[in-house]
Every structure is written in C-alpha cells, then in structure tokens.
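> Here is the input, now give the coordinates:
(one chain, ligands or ions: 2)
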Amino acid sequence: MDYDTYGSNAVELAIDLANAGDVDAAWVPAFLDAHDDWFTDGTVLELTDEEAAQVAEIAALVRAVAFASSEPEVRDRLNDLLALATPRPYATDHDGELHLHYARPDAGVLEQLITTVAMGLSQVVVQHGWQRLGVCSAEGCGHVFVDTSRNASRRYCSNTCASRSTVAAYRARQRV
Ligand SMILES: [Zn+2]
Ligand SMILES: [Zn+2]
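Numbering: from 1, shown residues only. Ligands and ions are numbered 1, 2, ... in the order given. The predicted structure follows:
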C-alpha cells in the first residue's frame, strides 16, 4: 500500500506495531529485529523486560486509537500516545530521498519507536481524518489498518481477509 500520499510513512510502523502482538511482550524482540530499518544505524535493539512491556503498552495504545469510534475519543487516545513521545524532528536523506524523522538520531530504541509511531499516526489522523484508521471486519481478525481508498470505504486489512469474508458470506447464504 502507498502510504506516501498520506504524509508520513511512519504510520506503517504504527500499524505493524498495533498488529504485532498482545500484552504479553514476548513478541517484542522479534518485532524490533524485523523493523530495524526504522532505527538509526547503530541503535541497540536490546530492551529490558520493563522496556519490552512498554512497547506492548504502546501497541495497545495504537490499537485503542484505531478502535475509537468518534473524533473526541480518537483525539483523547492520540493525546495519550503523544504524551509519551519526545519529538526532535530532523531532515534526512539517508535512503536517497529527503524526509523527516521525528525522534533525535541518538535516542534509544524505545524513544525512537514511541516517537515515530505517535507522530506518524497523528499526522495521518490530523491530515486525513480519524475515519482513515480502521479495524478489519473479517471474523476473528481484528487487525487495524490505514484506509487509503478514495472514499474511505475499506473494510478489511488485506485481500486475504476480504476474500475469506466473501466466501464465508456466500456459504452463509447457501445454508439458508
Ligand atoms: Zn528515514
Ligand atoms: Zn483482516
């Protein structure tokens, strides 16, 4: 999906984080390894148990934003997340294209993660509307996504969930 038109591709990290795992933080080290491109070169990815638990809390806060069902609710939940961020933006062309990073380059991995996720998510909501954050309608999925469709009508996190649900609806009709 093309997040570039959405002002900040940092929202991609927020969505990945929200979908990565639950309150038990066992998934956190693997998540950071898989997303190490997002952190400044040389950032130490190892976390204490306490820090890993904080990452799981951030994931829950991002999910809470996506699950909110009104603008005031989204605003309040975004502010909970932003309160944990330590923004110090700077321009960089480390990947060949000039863009903004939100956290100072020498921040620890936790500070970079929280700040990038909070700022990326906020940018999308503020610029494109809170309805752009969705929760997958497929039974048993619950993944969150950013809706980049023209009329904000997306219901599923992926094509897999969309076709799975179409098949399920078809079977349900056959049964009656
Ligand atoms: Zn970058
Ligand atoms: Zn889904």
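
> Other residues contacting stretch 62-70?
14-15, 17-18, 74, 77-78, 80-81, 117, 121, 125, 130, 133-135, 144-145 (CB atoms under 8 Å, 6 or more residues apart in numbering). To be clear about C-beta, it is placed using only N, CA and C from the backbone, and glycine gets the same treatment.

> Give me the buried entries from those residues.
14-15, 17-18, 74, 77-78, 81, 117, 121, 125, 130, 133-135, 144-145 (16 or more other CB atoms under 10 Å).

> if you look at the contacts of stretch 62-70, which of them are in helices?
Ala14, Ile15, Leu17, Ala18, Val74, Arg77, Leu78, Asp80, Leu81, Val117, Leu121, Val125 (DSSP state H).

> distance of Asp75 from Pro87?
Just so we're on the same page, residue 75 is Arg rather than Asp. Using CB to CB, to the nearest Å, one gets 18 Å for the distance from Arg75 to Pro87.

> now Ala14
14 Å.

> Ok, Ala64 next?
Counting by CB to CB, the gap from Ala64 to Pro87 is 20 Å.

> just Thr160 next, same as before
Taking CB to CB, one finds Thr160 at 35 Å from Pro87.

> Which one of the two is surrounded by more residues?
Remark: of Thr160 and Pro87, Pro87 carries more neighbours, 14 against 11, as counted by other CB atoms under 10 Å.
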